[in-house]
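K.L.:
return a 3D structure for these sequence lines:
(2 chains)
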Amino acid sequence: MVILGIESSAQSASACVVKDSKVLSEYFLNVGLTHSVTLMPLVKQAMEGAGMSVGDLDGIAVANGPGSFTGVRIGVATAKGIAVPADIKCIPVSTLEVIAYPLIDSECIAAAVMDARCSQVYCGLYDCHSSSMERLTEDSAFSLSELAEKLKAYDKKIILIGDGADISYEYLKDKISGVYKASSQYVYQKSSSAALIGEKRLINNENVCSAEELVPAYLRLPQAERELKKKKEQKQ
Amino acid sequence: MKIYESHSEKDTEKIGREIGEKLRGGDVVAFTGGMGMGKTVFVRGAAEALGAEADVCSPTFSIVNDYGGKIHIYHFDMYRVETWDSLYSTGFFDYMNDESILFIEWSENIENVLPENAVKVEFSKGEKDSDRIIKISGGGGRW
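P.N.:
Residues are numbered from 1 along each chain as shown, chains lettered A, B, ... in the order given. Below is the predicted model:
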């Protein structure tokens, strides 16, 4: 089974080809939000490096959010564009699950956290044990204080992972015991995690969709309920 | 705080150039002061000082213009941005980083998300129709 993996939800972008659970190629760039320029060449290099053409693909796994508004859109649009002409199946994978995936072999609660600005994070919690990962919570957007409240409910070792790990750890370290940060090499998520998760889903025919059905998954920030402007009357 | 008096578009552009020379990556420049005050002219001067690669024009319809440059320059108009969701969908949060400078017209519409150290540029009318008072403050103590 051959899967193309695409990830461009935040600062970095990557593309890979996975065949029968083996990563054949993976290209990664972390040079700012220039995904509209860099992602397609990464896909091309990953495909050529693995010696694959579009006709060889059984599925396209894409990290479909939450994350940067434009980043998620570029990733999803790229997957759609490749999938539509050849009618390739698509597997949307939560970006938070992609982030947590490197901890699959640990015995811990993986707290995947993305910096959503203004002291807010996108967060998904996963119970990692016996080389499997079980979702504990729906992907959500929290303020750091809400995150602390959520994490207090668990007495297992919690590992923060993702580009929100630093700000979350700084906030949580004196408030909750048993909270750790993943190694800095895991700050940026990789397309191979999306592809490996996607491959399993495709085999089990779980959360697989057509290119037309593939959509970004955005989360509403807690601050979205608050007033954006301080003085409404100024505009009149 | 620094207060400038401008008597013409040319003056405003020159003041913009002077401020532009002191800006650095990560800065957010927040304008207030109504229509036709010279905000875009000010940005033209600042962008020139920063080595912009494209001509400055009003982002009223595009919402954001990208002028390139060694430190990337983005020019927003928030006049039509009323909610968090619409702000998010402009990509505003994607543009805020240490390698970029953001110029924000109608910043009063998004005042609650401006960084603490934003450079505030407040326009008001002077004695004559063509006169403008331009108050600069913030920027982490630079003004």
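
K.L.:
ok and the residue in chain A nearest chain B?
P.N.:
In chain A, the residue that lies nearest chain B is residue A:224 (3.8 Å; CB to the nearest CB). C-beta here means a position set from N, CA and C on the backbone, and glycine is covered the same way.

K.L.:
that residue: neighbouring residues, count only.
P.N.:
Using other CB atoms under 10 Å in any protein chain shown, residue A:224 is surrounded by 15 other residues.

K.L.:
isn't it right next to residue B:89, touching?
P.N.:
No - if you go by CB atoms under 8 Å, residue A:224 and residue B:89 don't touch, sitting 11.5 Å apart.

K.L.:
hang on, the earlier thing: and the residue of chain A closest to chain B, what does it touch?
P.N.:
Contacts for residue A:224 (CB atoms under 8 Å, 6 or more residues apart in numbering or on different chains) come out as B:83, B:84, B:85, B:88.

K.L.:
for it, what are phi and psi?
P.N.:
With angles defined as degrees, to the nearest 10, residue A:224 shows backbone torsions of phi -60, psi -20.

K.L.:
next one: the longest strand seen in chain A, is it in contact with chain B?
P.N.:
In chain A, with assignment by DSSP state E, the single longest strand is strand A:120-129. No - legend: contact between strand A:120-129 and chain B by CB under 8 Å from any CB of the partner chain is lacking; minimum distance shown is 10.1 Å.

K.L.:
what comes up buried for that strand?
P.N.:
By neighbour count on 16 or more other CB atoms under 10 Å in any protein chain shown, the buried set for strand A:120-129 is A:120, A:121, A:122, A:123, A:124, A:125, A:126, A:128.

K.L.:
just checking, what packs against that strand?
P.N.:
Other helices and strands packing on strand A:120-129, by 3 or more CB pairs under 8 Å, 6 or more residues apart in numbering or on different chains; DSSP states H and E, are helix A:95-100, strand A:108-115, strand A:132-135, strand A:140-143, helix A:144-151.

K.L.:
quick one: those as JSON lines, columns for distance to residue B:74 and mean neighbour count too.
P.N.:
Formatted as JSON lines, these follow (distance: least, CB to CB, whole Å; neighbours: other CB atoms under 10 Å in any protein chain shown):
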{"stretch": "helix A:95-100", "distance to residue B:74": "24", "mean neighbour count": "30"}
{"stretch": "strand A:108-115", "distance to residue B:74": "19", "mean neighbour count": "26"}
{"stretch": "strand A:132-135", "distance to residue B:74": "37", "mean neighbour count": "13"}
{"stretch": "strand A:140-143", "distance to residue B:74": "24", "mean neighbour count": "20"}
{"stretch": "helix A:144-151", "distance to residue B:74": "27", "mean neighbour count": "17"}
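
K.L.:
could you dump those to a markdown table with mean pLDDT and distance to chain B?
P.N.:
Listed next are the helices and strands packed on strand A:120-129 as a markdown table, based on pLDDT from 0 to 100; distance: least, CB to the nearest CB, whole Å:
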| stretch | mean pLDDT | distance to chain B |
| --- | --- | --- |
| helix A:95-100 | 98 | 14 |
| strand A:108-115 | 97 | 9 |
| strand A:132-135 | 96 | 25 |
| strand A:140-143 | 94 | 11 |
| helix A:144-151 | 95 | 16 |
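
K.L.:
outline the domain layout of chain A.
P.N.:
A:2-95+A:189-222, A:97-186 (automatic domain parsing).

K.L.:
ranking these by burial, who's on top?
P.N.:
domain A:2-95+A:189-222 (a mean of 21; mean count of other CB atoms under 10 Å in any protein chain shown).

K.L.:
quick one: end-to-end distance for that one.
P.N.:
The first and last residues of domain A:2-95+A:189-222 sit 39 Å apart, counting by CA to CA, to the nearest Å.

K.L.:
now it: how far from the chain's centre is it?
P.N.:
Centroid displacement of domain A:2-95+A:189-222 relative to its chain, using CA atoms, centre = their mean, to the nearest Å, is 10 Å.

K.L.:
and the contacts of residue A:224 near chain A, which?
P.N.:
Restricting these to those near chain A by CB under 8 Å from any CB leaves B:83, B:84, B:85, B:88.

K.L.:
inside helices: which ones of the residues you listed?
P.N.:
Under the assignment DSSP state H, the ones next to chain A among the contacts of residue A:224 contribute B:84, B:85, B:88 to helices.

K.L.:
what is the nearest of the residues you listed to chain A?
P.N.:
Closest to chain A, out of all of those and judged by CB to the nearest CB, is residue B:84, at 3.8 Å.

K.L.:
ok, that closest one touching residue A:221?
P.N.:
Yes - using CB under 8 Å, residue B:84 is in contact with residue A:221, at 6.3 Å.

K.L.:
restricting to C-alpha, output stretch B:1-14 in CSV.
P.N.:
Extracted in CSV, the C-alpha atoms of stretch B:1-14 (Å, rounded to 0.1, in the frame of the first residue of the first chain):
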residue,chain,number,x,y,z
MET,B,1,5.8,59.6,22.7
LYS,B,2,6.9,61.7,19.7
ILE,B,3,4.6,64.2,18.0
TYR,B,4,5.1,65.3,14.4
GLU,B,5,3.3,67.9,12.4
SER,B,6,2.7,67.3,8.7
HIS,B,7,1.6,70.0,6.2
SER,B,8,1.5,67.8,3.1
GLU,B,9,1.6,64.3,1.8
LYS,B,10,5.3,64.7,1.2
ASP,B,11,5.8,65.5,4.8
THR,B,12,3.8,62.5,5.9
GLU,B,13,5.8,60.2,3.6
LYS,B,14,9.0,61.7,5.1
